[in-house]
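Trainee: Only the shape, not the letters, is given here:
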Ligand SMILES: Nc1ncnc2c1ncn2[C@@H]1O[C@H](COP(=O)(O)OP(=O)(O)OP(=O)(O)O)[C@@H](O)[C@H]1O
């Protein structure tokens, strides 16, 4: 389900999120409302719409309970450009105030990729046709004499009287060639020529990727000399012998690239980032309060908050795609707040994160559901992955319960890493099968409680091993 506008009521958004994330109803509601506010804002007269700032969200909750997942799924639902950053990244040595702006550049880049992918998808049909013609040209080269005469001269009759070189056979009549070309086209479309070799002209590598050494200003804005000059320098191509199948892939990609208007991509991408962008700023709790991030000569936490502020409040950031306004981007900040409180953030930042939601630690029952219920749950992923190699994996309810119980225990005894514990446990549980799958005959594996206990029980009792493996 993707879409924008009327169909995206908070209720439908929550229902969508429910398909992937277990529990955390308050956080789901908060993001659904924030999204709805965006839709409402777009219906306002322009002048008023400009005044309405997004209702940014502060998610408070321990690690691994679904904070990022909720934000990411929301972005995917509405096809919004999305970026996740760790606020602590900006407290590191070597940090300069403007680095905070890099998250906006990353967002725009994500938006450009997104728009480009979509537009490229849209021109696949004409690109495929153009690629087909080029492959046919390569398989059935035009006779040299004719090809050597530019089309505009041929209009005046040039080329007709040029006799073929004595040694080479006379070129086939145009109608005969046309017929052959059409036959070849049929074979090509039926995939009968896929294995044949053909020589085609393809662009050479990517554009020159020289970065301007030492030109701090440009580099900071994400500018790159190769890209700056890319448009001015002729693109280099080389002749390459490949299979017809590969040629189709290469040429179709090249033709699609040519058909997409790069300026239109940038225009749409910048607007999309400005109006629909979602920035997820994790570990915001670690920059709350004064002092440095984690001792040492790091940049002060308050300094980072002060740098974040203009971006959250709305400013213009220079990017290689031009100036980008941050006023209407949605910020979702998140943190565990074990050692600090949201009220330790500078007041202006607190004011810019008006919606507060708490996410709950995951209980054993939640972990059971997380294993099996979400549409792309871990269990489904493993079943599908191993299924590709003939392993019919089946999880029984008792197996899921045993796994969840163990995960809950390890979270209590070691460190609470939330649902991430399930990843490490499942990896250990299925390690052997995963390793052997390609070499074994088809097999059925049923994961029930004894299976889980047999494999993970001993590990969970071993004080040292469990620290590293579970
Ligand atoms: N409530 C949940 N329902 C389904 N899956 C979950 C849930 N909570 C966590 N997960 C899964 O656990 C993993 C980690 O979750 P997520 O990235 O959302 O953590 P987080 O709360 O953002 O923590 P952190 O702040 O440390 O990044 C993801 O693979 C996610 O799908």
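Mentor: Nice, thanks for sending it over. This structure is a prediction, so every number in the text was calculated from the model and none was measured.
Trainee: Report the buried residues of stretch 364-372.
Mentor: Buried residues in stretch 364-372, counted by 16 or more other C-beta atoms under 10 Å: 366-372. C-beta here means a position set from N, CA and C on the backbone, and glycine is covered the same way.
Trainee: will you turn the residues you listed into TSV that also has distance to the ligand?
Mentor: Shown next, in TSV, are those (distance: C-beta to the nearest ligand atom, whole Å):
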residue	distance to the ligand
366	6
367	9
368	11
369	8
370	4
371	9
372	11
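Trainee: mind putting these in a markdown table, distance to residue 127 and pLDDT included?
Mentor: Output for those, formatted as a markdown table (distance: C-beta to C-beta, whole Å; pLDDT from 0 to 100):
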| residue | distance to residue 127 | pLDDT |
| --- | --- | --- |
| 366 | 47 | 94 |
| 367 | 47 | 94 |
| 368 | 48 | 94 |
| 369 | 44 | 94 |
| 370 | 42 | 95 |
| 371 | 43 | 92 |
| 372 | 42 | 88 |
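Trainee: Name the single longest helix found in this protein.
Mentor: Using DSSP state H to define each element, the chain has its longest helix at helix 102-122.
Trainee: Which residues belonging to that one are considered buried?
Mentor: Neighbour-count burial for helix 102-122 [16+ other C-beta under 10 Å]: 102-112, 114-116, 119-120.
Trainee: Count residues in the vicinity of residue 15, would you?
Mentor: For residue 15, the count of nearby residues is 13 (other C-beta atoms under 10 Å).
Trainee: Nearest residue to the middle of this protein?
Mentor: For the chain, the residue nearest the mean C-alpha position is residue 110 (7.4 Å; C-alpha atoms, centre = their mean).
Trainee: and that residue, how far is that from the ligand?
Mentor: Remark: distance between residue 110 and the ligand (C-beta to the nearest ligand atom, to the nearest Å) = 18 Å.
Trainee: That residue against residue 80, yeah?
Mentor: No. Residue 110 is beyond contact range of residue 80, at 9.6 Å (criterion: C-beta atoms under 8 Å).
Trainee: What ranges does the stretch 101-250 of the chain have for its strands?
Mentor: Using DSSP state E, counting those that start in this stretch, the strands of the stretch 101-250 of the chain run over 197-203, 237-243.
Trainee: which one of those lies closest to the ligand?
Mentor: For the ligand, the closest of the strands of the stretch 101-250 of the chain is strand 197-203, at 37.7 Å, according to C-beta to the nearest ligand atom.
Trainee: For the helix or strand containing residue 267, give the mean pLDDT please.
Mentor: Secondary structure assignment for residue 267, by DSSP states H and E: helix 262-276. Mean per-residue pLDDT for helix 262-276: 93.
Trainee: repeat for stretch 50-68
Mentor: Mean pLDDT, computed over stretch 50-68, is 91.
Trainee: got it, and stretch 189-203?
Mentor: pLDDT averaged over stretch 189-203 gives 82.
Trainee: and if you look at stretch 26-41?
Mentor: What stretch 26-41 shows for mean pLDDT is 91.
Trainee: Give me the contacts around it.
Mentor: For stretch 26-41, contacts defined as C-beta atoms under 8 Å, 6 or more residues apart in numbering pick out 4-6, 8-11, 13-14, 17-18, 21, 49, 52, 54-57, 59, 61, 66-67, 70-71, 74, 78, 275-276, 328, 330, 332, 355, 357-359.
Trainee: Show me what counts as buried in that stretch.
Mentor: 27-32, 34-38, 41.
Trainee: I figured residue 429 hits residue 453, correct?
Mentor: No. If you go by C-beta under 8 Å, residue 429 and residue 453 don't touch, sitting 10.6 Å apart.
Trainee: Contact distance from the ligand - what residues of the stretch 251-400 of the chain qualify?
Mentor: Those residues of the stretch 251-400 of the chain that sit near the ligand, judged by C-beta under 6 Å from any ligand atom, are 282, 334, 370, 374.
Trainee: Compare those residues and tell me which has the most neighbours.
Mentor: Counting neighbours by other C-beta under 10 Å, residue 334 leads those with 26 neighbours.
Trainee: That one should be in a strand, yeah?
Mentor: Yes. Counting by DSSP: H, G, I helix; E, B strand; the rest coil, residue 334 is located in a strand.
Trainee: so how far is residue 362 from it?
Mentor: Applying C-beta to C-beta, to the nearest Å, the value for residue 334 to residue 362 is 16 Å.
Trainee: Check residue 48 too.
Mentor: Going from residue 48 to residue 362 by C-beta to C-beta gives 42 Å.
Trainee: Could you pull up the residues touching the residue nearest to residue 405 when sequence neighbours are not counted?
Mentor: Of all residues not flanking residue 405 in the chain, residue 364 sits nearest, at 6.0 Å (C-beta to C-beta, 6 or more residues apart in numbering). Counting by C-beta under 8 Å, 6+ apart, residue 364 touches 404-405, 407-408.
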